[in-house]
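1. Mind looking at a prediction? Sequence and model below.
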Amino acid sequence: MFAPEFDYHKASSVAEAIQLLGANDGAKLIAGGHSLIPLLKLRLARPTALIDIGDISDLKRIIINNETVSIGALATHWDIASSHDVKHACSMLAEVAGGIGDSQVRNRGTIGGNVVHADPASDWPTVLTALNARFVIQGPGGASRTAAPEDFFLGPLTTNLADNELLTAVEVPSFAANQRSEYAKIAHPASGYAVVGGAVVVTMDGERCTAASIAVGGLVPAPVRASSVERALIGQTLNVENIMAASNQVVNDLGSNIIGDFYASATYRRAMAAVEIRHALFHITGEAHVGSRAVSVIHGVQYVPVDREAIPVSDPGSIADPVSSTESVNTENQPRKRWWEFWRRS
Ligand SMILES: Cc1cc2nc3c(=O)[nH]c(=O)nc-3n(C[C@H](O)[C@H](O)[C@H](O)COP(=O)(O)OP(=O)(O)OC[C@H]3O[C@@H](n4cnc5c(N)ncnc54)[C@H](O)[C@@H]3O)c2cc1C
């Protein structure tokens, strides 16, 4: 379907873009167009005018100092994924960006467009919630404000940005040496969008977790903090038992408004929230992706190791996969394409 007619303006500065927003009632900003153009084509959005901000170079900068990683709203997922400075300052940001969609989406799609579009299945809202990011917003007359994720994301496709405001940057606090972070998602096989995603930031004192910031997304209208899981982890050693027990607490944080669709039911998504949180935590502890045991650890099923020494080498085909030979594995609850997610993160 073709998009409805609209006027087109190209802004060369943030001030001009805001002035154009004020002068054109019903106008919308366009950055990479990867979320907005589909909405136009489906006639789900009918802006009177599009204000193209794609060439405003000030909005593409990534600035890193001792306190903050500041990512301009027009930085593409590729810019973030390929930045050595970002990898060094907060590797989770680069990893998340590298796992979004496909190369076309990463090359055109921007972090600003992603968060302002506020799709519940997007990765950035969840990750930026766990990272306690700040959204830097500019309005008419140069007025500037910041918003925390809890205030910024109001619901599906809804943020607290006013019609005449523009997101200029996303700021993430720099990591201390004893902080670790990971994001794990069940990626929809067609798009890469998160069916369920869990983002984890922990502060460690040796083996002990002294602070935790955890968010889940994909399954709820806006990302939620997993406060119950955070509380259960603080003061604990991050061993398998403690991680299993803590991650299961997430059901207390999800509320009743869980998204279900023809791809994944609400029941399934609710069950997977704990799985993705511990998946991320096991990445931190090194338990994830160490052979078949990882699948059983992440899914909380019994692990039966195969004594390979006891199997005659003349019959290698008899070596059963430890997980598939374990009766307690509930394959119904294992997300499809799991192998792909494993391959990509390894
Ligand atoms: C095939 C496909 C696969 C995808 N897979 C994933 C995935 O795996 N994970 C994921 O998280 N996302 C995924 N996405 C979403 C993608 O990340 C977003 O479409 C993209 O980042 C949006 O950025 P954009 O620059 O294209 O925004 P646009 O489409 O240009 O704009 C989106 C919205 O944001 C507004 N806007 C844009 N910039 C600003 C700004 N600076 N200030 C205020 N408002 C602004 C626009 O007015 C519009 O309402 C996928 C998209 C596609 C098409």
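-> The structure has been received and is ready for your questions. In this text the structure is predicted, and so the values were computed from the model without any measurement.

2. how close does the nearest residue to Trp124 once chain neighbours are set aside sit to Leu233?
-> Closest residue to Trp124 apart from its sequence neighbours, by Cβ to Cβ, 6 or more residues apart in numbering: Asn114 at 4.8 Å. Where C-beta positions appear, they are placed from N, C-alpha and C, glycine not excepted. Applying Cβ to Cβ, to the nearest Å, the value for Asn114 to Leu233 is 28 Å.

3. what kind of secondary structure is the residue in the stretch 1-150 of the chain that the ligand sits nearest to in?
-> Nearest residue of the stretch 1-150 of the chain to the ligand: Gly113, at 2.0 Å (Cβ to the nearest ligand atom). Look at Gly113: counting by DSSP: H, G, I helix; E, B strand; the rest coil, its state is helix.

4. What residues does it make contact with?
-> Counting by Cβ atoms under 8 Å, 6 or more residues apart in numbering, Gly113 touches 31-36, 73.

5. got a winner among the residues you listed for most neighbours?
-> Ala73 (29 neighbours; other Cβ atoms under 10 Å).

6. My guess is that residue contacts Asn114. True?
-> No - assessed by Cβ atoms under 8 Å, Ala73 is found out of contact with Asn114, at 9.6 Å.

7. for the ligand, what are the nearby residues on the stretch 201-346 of the chain?
-> Residues of the stretch 201-346 of the chain found near the ligand (Cβ under 6 Å from any ligand atom): none.

8. Find the closest residue to the ligand in the stretch 201-346 of the chain.
-> Gly217 (9.2 Å).

9. got the contact list for that residue?
-> Neighbouring residues of Gly217 by Cβ under 8 Å, 6+ apart: 120-123, 125-126, 129, 194, 196-197, 199, 223-224.

10. Inside helices: which ones of those?
-> Taking DSSP state H as the definition of helices, the contacts of Gly217 contribute 123, 125-126, 129.

11. Reformat the residues you listed as a markdown table; add pLDDT and neighbour count.
-> Shown next, in a markdown table, are those (pLDDT from 0 to 100; neighbours: other Cβ atoms under 10 Å):
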| residue | pLDDT | neighbour count |
| --- | --- | --- |
| Asp123 | 98 | 26 |
| Pro125 | 98 | 27 |
| Thr126 | 98 | 31 |
| Thr129 | 98 | 25 |
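
12. which residues of the stretch 1-150 of the chain fall in helices?
-> Taking DSSP state H, counting those that start in this stretch as the criterion, the stretch 1-150 of the chain carries its helices at 14-23, 36-41, 77-81, 84-89, 91-98, 103-108, 111-117, 123-130, 149-152.

13. So the fifth one, near the ligand or not?
-> No - using Cβ under 6 Å from any ligand atom, we find that helix 91-98 stays clear of the ligand, coming within 8.0 Å at best.

14. Dump that helix to PDB, keeping only the CA atoms.
-> Presented in PDB, the C-alpha positions along helix 91-98 are these (Å, rounded to 0.1, in the frame of the first residue of the first chain):
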ATOM      1  CA  SER A  91      29.900  -3.800  25.800                       C
ATOM      2  CA  MET A  92      26.200  -4.600  26.300                       C
ATOM      3  CA  LEU A  93      25.300  -1.600  24.200                       C
ATOM      4  CA  ALA A  94      27.400  -2.800  21.300                       C
ATOM      5  CA  GLU A  95      26.100  -6.400  21.600                       C
ATOM      6  CA  VAL A  96      22.500  -5.300  21.700                       C
ATOM      7  CA  ALA A  97      22.900  -3.100  18.700                       C
ATOM      8  CA  GLY A  98      24.600  -5.900  16.800                       C
END
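
15. which other residues reach it?
-> Taking Cβ under 8 Å, 6+ apart as the rule, helix 91-98 contacts 69, 71, 77-83, 86-87, 106, 111, 123-124, 127, 131, 172, 181-183, 199, 201.

16. Nice, that's everything, thank you.
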